[in-house]
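Peer 1: no letters, just coordinates:
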């Protein structure tokens with residue numbers, strides 16, 4: 001049956017109305033997906049730490065989680081995901097749902113492991129929130145060890161290649177690279193013993209399973225203060241604020257070694273909405289300003305170095321590019 005002219009207009013008008021409704025619906029959905037200011041966070045946040053409890057990363061994470069939770073209105077739960085020198089936790093964080101409920105504590109190993117062929121992703125899989133701190137390597141032995149100076153330690157290592165066991169936080173970890181750089185600069189050779197984080201490496205030193213560790217001052221401070229461990233030298237251009245009486249490696253041995261150590265910062269998966277990332281960054285930065293957090297950092301000898309998302313992004317790229325050159329030079333690349 002032939003449609004009357006007025007029926008055509010009704011159909012056209014109905015079609016336009018439907019399209020308009022769909023457009024409005026899509027617009028509302030689009031806005032809802034991108035405006036979380038009134039809904040986020042609705043549940044606790046998970047903070048993935050890629051190392052075992054007890055190390056500097058874990059200590060910093062727990063102190064910051066407590067401080068930042070005050071500004072989020074939800075608790076931040078720290079979970080330790082160990083394995084692969086940090087790669088297990090970093091991969092879990094990168095592959096988490098990009099909804100802001102999983103934050104990862106990034107460590108320097110994120111920019112070393114890819115060049116070693118031990119991590120199938122790079123910093124580009126994350127959206128940086130902020131950097132929290134930076135610490136140099138501290139060559140540390142037991143208090144009853146026969147070496148009273150870094151020079152004596154290296155002389156023994158030179159006379160007996162491979163004799164001295166150097167513990168580290170995992171193959172390819174920044175502390176492994178610190179020891180490897182020391183080998184390169186001094187011409188000695190250690191036997192490297194990897195552990196799942198600095199905490200276990202320090203425990204191994206305390207128990208006599210290794211002769212030394214090149215971890216951060218913070219990770220040995222408690223035992224140094226108790227007189228159980230001794231720091232021989234700091235691998236940096238300047239002395240450590242936590243141990244001002246400990247010489248730099250150059251002061252102790254004449255070897256010129258620039259800063260080598262760790263930095264730590266927080267990030268979310270790269271596709272996390274900007275407004276959610278901004279809310280997290282704001283709460284975390286306020287957490288770093290919390291006096292209780294800062295006191296915890298001072299107590300453990302952790303170096304406070306706060307950078308915003310933009311500056312932290314630059315740090316990530318610079319570190320990645322540095323180790324892209326350094327790791328092949330040290331003969332450690334497995335790629």
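Peer 2: Nice, thanks for sending it over. Quick caveat: nothing in here was measured; it's all calculated off a predicted structure. Residues are numbered from 1 along each chain as shown.
Peer 1: any idea how far residue 272 is from residue 85?
Peer 2: 25 Å (CB to CB, to the nearest Å). (Glycine included, C-beta is placed from N, CA and C.)
Peer 1: residue 116 too?
Peer 2: 9 Å.
Peer 1: what helix or strand is residue 314 located in?
Peer 2: Using DSSP states H and E, residue 314 maps to helix 309-329.
Peer 1: and residue 135, by the same measure?
Peer 2: For residue 135, the enclosing helix or strand under DSSP H and E is strand 126-142.
Peer 1: distance between that strand and the chain's centre?
Peer 2: Relative to its chain's centre, strand 126-142 lies at 7 Å (CA atoms, centre = their mean, to the nearest Å).
Peer 1: that strand: what's the following helix or strand?
Peer 2: helix 150-159.
Peer 1: the more surrounded of residue 116 and residue 85?
Peer 2: residue 85 (29 against 21; other CB atoms under 10 Å).
Peer 1: what residues are up against that one?
Peer 2: 109, 113, 118, 169, 170, 171, 172, 173, 176, 194, 196 (CB atoms under 8 Å, 6 or more residues apart in numbering).
Peer 1: and the third one, that one's in a helix?
Peer 2: Which is residue 118. No - remark: residue 118 does not belong to a helix; assigned using DSSP: H, G, I helix; E, B strand; the rest coil, it is coil.
Peer 1: just checking, it touches residue 86?
Peer 2: No - with contact defined as CB atoms under 8 Å, residue 118 does not reach residue 86; the gap is 9.1 Å.
Peer 1: now stretch 170-186: mean pLDDT?
Peer 2: Across stretch 170-186, the average pLDDT comes to 90.
Peer 1: in it, what counts as buried?
Peer 2: For stretch 170-186, the neighbour count (16 or more other CB atoms under 10 Å) marks 170-183, 185-186 as buried.
Peer 1: again, but for stretch 92-107
Peer 2: Neighbour-count burial for stretch 92-107, counted by 16+ other CB under 10 Å, picks out 92-94, 96, 98-107.
Peer 1: so which of these belong to strands?
Peer 2: Cross-referencing the buried residues of stretch 92-107 against strands under DSSP state E gives 102, 103, 104, 105, 106, 107.
Peer 1: contacts only, for the residue nearest to residue 316 when sequence neighbours are not counted.
Peer 2: Using CB to CB, 6 or more residues apart in numbering and skipping the chain neighbours, the partner closest in space to residue 316 is residue 123 (4.2 Å). If you count contacts by CB under 8 Å, 6+ apart, residue 123 has them with 106, 110, 111, 316, 317, 320.
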